[in-house]
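Peer 1: Next come a sequence and a model predicted from it.
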Amino acid sequence: MEKFIITGGTPLRGELTLTGAKNVALKVLSAALLTNEELILHNVPILTDVFAMLELLQTLGVHSRWDGHTVIIKNSGVKNTRVPLDIGARLRTSSMVVGPLLARYGEAIIPNPGGCRLGARPIDRHMDALTSMGAHILYHSDDGYFYLTAKKLTGATIQFVKNTHTGTETIILAAVLAKGTTILKNAAEEVEIDGLIELLTAMGARIFRSAPREITIEGVSSLHGAEYTVMPDRNEEVTFAIAAAMTGGEIVIRQSQRTELHAFLEKLSEAGATYEEIDETTTRYRCSVRPRATDVTTSIHPGFMTDWQAPWAVFMTQSKGISTIHETVFESRFSYVAELKKMGAAISFFGPNVSNPETFYNFNWKDHVNGYHQAIKITGPTTLHNAILEMTDLRAGATLVLAALVADGESYIHGIEQVDRGYENIDKRLKDLGAKIKRTKEDA
Ligand code: EPU
């Protein structure tokens, strides 16, 4: 167990290259189950979540080795179709092996997946879609496992009731080897999904975005090995862009994904920060004025992503006026608020006026915890002060690091394994930009 000790107040300056996108890497690893040939995956971020996914695949019979940021991975013959509970509970993407296992081996046994605890986070949309493709599914509430079998998955027309990012990917992974054509309607459009589609296409799959929010997958009889490079992580870009703006510094980002960040860049400009397009894949971020308050409502692609709202909240503590954030994708993604309040942030919850919450929110309204508000109001500017903080999930973790970087004094952040799940060497990379950050062992 380790902690960060961060002394705030230094403007961050310098250059940084984005690492590969966690939310692509984790999914493309599952594709190794779809063939017995080798996949060579470049630009894989070195993250504890990626190690966990590789460990999970290893228990199923898929072996891998690292060469720098390249993973060479090969299915050596699946001997087991059961995802171990301890890995499943750690990892959201543990359930994504379900499609390949069903399609090639006729059965999959998966626990209710874990990962960041952002409310109930069920997988009912994934399960309904697999049922439409002919899977037989039993959920055992005594052990928390789904038991799935399918003689042969068959293509189907599937209408997702609401957006689901990993649900869309799970069904793509199931449909590539299914008999016949699958049409996914109301399919998610997050760019990370196109990363998975690109790899599967290189493996011989036939997948098309056939209309807005529609994906057509023509099942094929087999897939082959491929070489593929994971796209850079746009969520990482947002985190570092905010770090530059918030500390009054200037960061140049290489491998920039700004073409996939419209909604973020729009808000950034509205707040008074600037981004300069140096070339196609290089962007400079800075903010030389007192930022202005903004109102943000998170939404599915192409809106302001839910993953960006927590770091944005820290930025807004430094802005003048009252800002609001309305979270519409997950039903409980404000765990960082209590920690920011320990640092002196003026944040309060409120219940926005929503006439039909069942259709308005992306989560299942029935999962909503009575009394939990979906929006916060931030009054700024506030000089944050140091505190002893605890990370509760990945993006909330990055948020506390940002808060400590702008706070007066020395903060201690515990639970940093959360941020190590999704940001490669965050402390080293921040240090290279001038941050005063130390990683030390927790006292025994
Ligand atoms: N939902 C259901 N039932 C389902 C599926 C989703 O109720 O069957 C609800 C979820 O609980 C949530 C909402 O619908 O409230 C949206 O869920 P979605 O399935 O779209 O999200 P996800 O696939 O669980 C992925 C990313 C998240 C990212 C969201 C939104 C991965 C591994 N996770 O989650 O990333 O925030 O999509 O784009 O790709 C992160 O990286 O920190 C992270 C949480």
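Peer 2: Now that the structure is in, tell me what you want to look at.
Peer 1: give me the number of residues near Lys185?
Peer 2: Lys185 has 13 neighbouring residues, counting by other C-beta atoms under 10 Å. Yep, even glycine has a C-beta here, placed from its N, CA and C like the rest.
Peer 1: List the contacts of it.
Peer 2: Thr157, Ile158, Gln159, Phe160, Arg213, Glu214 (C-beta atoms under 8 Å, 6 or more residues apart in numbering).
Peer 1: near the ligand, which residues of the stretch 1-150 of the chain?
Peer 2: Within the stretch 1-150 of the chain, the positions adjacent to the ligand are Asn23, Leu26, Arg92, Thr93, Cys116, Gly119, Arg121, Pro122, Ile123, Asp124, Arg125, His126 by C-beta under 6 Å from any ligand atom.
Peer 1: what about the helices in the stretch 151-300 of the chain?
Peer 2: For the stretch 151-300 of the chain, the helices defined by DSSP state H, counting those that start in this stretch occupy 165-175, 191-202, 234-246, 262-270.
Peer 1: could those go into CSV alongside mean pLDDT?
Peer 2: Below are these laid out as CSV (pLDDT from 0 to 100):
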stretch, mean pLDDT
helix 165-175, 98
helix 191-202, 98
helix 234-246, 98
helix 262-270, 98
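Peer 1: do you know which of those helices lies nearest Ser141?
Peer 2: The minimum distance between Ser141 and these falls on helix 165-175, with 21.3 Å, by C-beta to C-beta.
Peer 1: wait, does the closest one contact the ligand?
Peer 2: Yes: judged by C-beta under 6 Å from any ligand atom, helix 165-175 and the ligand are in contact via His165, Thr166, Gly167.
Peer 1: Now do the first one against Ala187, distance only.
Peer 2: Just to be clear, that refers to His165. 10 Å (C-beta to C-beta, to the nearest Å).
Peer 1: still on that earlier bit, make TSV out of the helices of the stretch 151-300 of the chain and add mean neighbour count.
Peer 2: Output for the helices of the stretch 151-300 of the chain, formatted as TSV (neighbours: other C-beta atoms under 10 Å):
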stretch	mean neighbour count
helix 165-175	26
helix 191-202	20
helix 234-246	25
helix 262-270	17
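Peer 1: How about the contacts made by the residue nearest to Glu270 when sequence neighbours are not counted?
Peer 2: With sequence-adjacent residues excluded and distances taken as C-beta to C-beta, 6 or more residues apart in numbering, Glu270 is closest to Thr294, at 5.4 Å. Applying C-beta under 8 Å, 6+ apart to Thr294 gives the contacts Lys267, Glu270, Ala271, Met316, Ser319, Ser323.
Peer 1: can I get those in a markdown table with distance to Glu55?
Peer 2: Supplementary listing: those in a markdown table, determined by distance: C-beta to C-beta, whole Å:
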| residue | distance to Glu55 |
| --- | --- |
| Lys267 | 38 |
| Glu270 | 43 |
| Ala271 | 41 |
| Met316 | 38 |
| Ser319 | 42 |
| Ser323 | 41 |
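Peer 1: For Val28, what is the enclosing helix or strand?
Peer 2: According to DSSP states H and E, Val28 maps onto helix 22-30.
Peer 1: Also Thr324?
Peer 2: Going by DSSP H and E, Thr324 is part of strand 321-326.
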